[in-house]
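> Provided below are the primary sequence and the corresponding predicted coordinates.
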Amino acid sequence: TGLRERFGWRDKVIFFFGGNIGQAQDMGNLVRLAERMKQYPQARFLLVGNGDEFEMIQTAREKQKLDNLVLLPPVPQEEYFRLLSQIDIGLFSLHPSHRTQNFPGKLLGYMAYGKPILGSVNAGNDIAGILESAKAGLVCINPDDEAFAANAVRLLNNAEERRQMGESARRLLEECFSVFSVAEHLIHCS
């Protein structure tokens, strides 16, 4: 069965996070986003993975009655890709205390499946500019909860913009992150 049938999400917009559920990702940031989005009945959050903040999310989900959030343990890679094909928006979050550049590998999966990206990153991280200039997603600086929620609402309410950003995300992957484009870049740099 598909994801939408499994959870009864036929008419919902699914925000998806997959991977390490740890402190470096500041998972509290995603919990706060889900809490702010409770007022939008069409928004659903699916978090899949494991890490040192898995239990914190389970507890927060129960305490705050986050019925819009489902937390699942890791799934096999084939199942992960099946999930990516069914979601609407790829999520990522980076802890605000990071002092270095960080490019989460999960973004490549989101791009490969043509999904718009919604993110919250540490200040000074170049990924925000890369995604936004390519029109592949919306990124704010963590911990700007209001901007993160405003970006989520924007994507939630605009299916056409989600479609366009998804196409741009796939194009960004092909132009900048494919084996061919990297090889091309290396040949011209030497």
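Happy to help now that I have it. Numbering: from 1, shown residues only.
> what's the closest residue to Q25 other than its chain neighbours sitting at in phi/psi?
Closest residue to Q25 apart from its sequence neighbours, by Cβ to Cβ, 6 or more residues apart in numbering: S93 at 5.2 Å. (Glycine included, C-beta is placed from N, CA and C.) With angles defined as degrees, to the nearest 10, S93 sits at phi -150, psi 140.
> so S93 sits right up against L118, yeah?
No: in this structure S93 lies outside contact range of L118 using Cβ atoms under 8 Å: 9.4 Å.
> longest helix in this structure, by number of residues?
Longest helix in the chain by number of residues, with DSSP state H as the criterion: helix 159-172.
> what's the average pLDDT for it?
The pLDDT scores in helix 159-172 average 97.
> show me what counts as buried in that helix.
By neighbour count on 16 or more other Cβ atoms under 10 Å, the buried set for helix 159-172 is R162, M165, G166, S168, A169, R170, L172.
> and stretch 127-137, by the same measure?
Residues of stretch 127-137 classed as buried: I127, A128, I130, L131, A134, K135, A136, G137 (neighbour count, 16+ other Cβ under 10 Å).
> stretch 82-102 too?
Result for stretch 82-102 [16+ other Cβ under 10 Å]: buried residues 83-84, 86-95, 98, 102.
> what two of those residues are the furthest from one another?
Greatest spatial distance among these (Cβ to Cβ): Q86 and H98, at 30.2 Å.
> quick one on the thing from earlier: please flag which of the buried residues of stretch 82-102 sit within strands.
I89, G90, L91, F92, S93 (DSSP state E).
> nearest residue to the second one other than its sequence neighbours?
It stands for G90. Closest residue to G90 apart from its sequence neighbours, by Cβ to Cβ, 6+ apart: Y110 at 3.1 Å.
> pretty sure that neighbour contacts L84?
Yes: using Cβ under 8 Å as the test, Y110 is close enough to L84 to be in contact (7.1 Å).
> intersection of neighbour lists for those two?
Common contacts of Y110 and L84, defined by Cβ atoms under 8 Å, 6 or more residues apart in numbering, comprise G90.
> could I get the full set of helices for the chain?
3-7, 27-36, 54-63, 77-86, 106-112, 127-133, 145-156, 159-172, 179-189.
> rank the ones you listed by pLDDT, which is bottom?
Confidence, taken as mean pLDDT, is least for helix 179-189 of those (a mean of 60).
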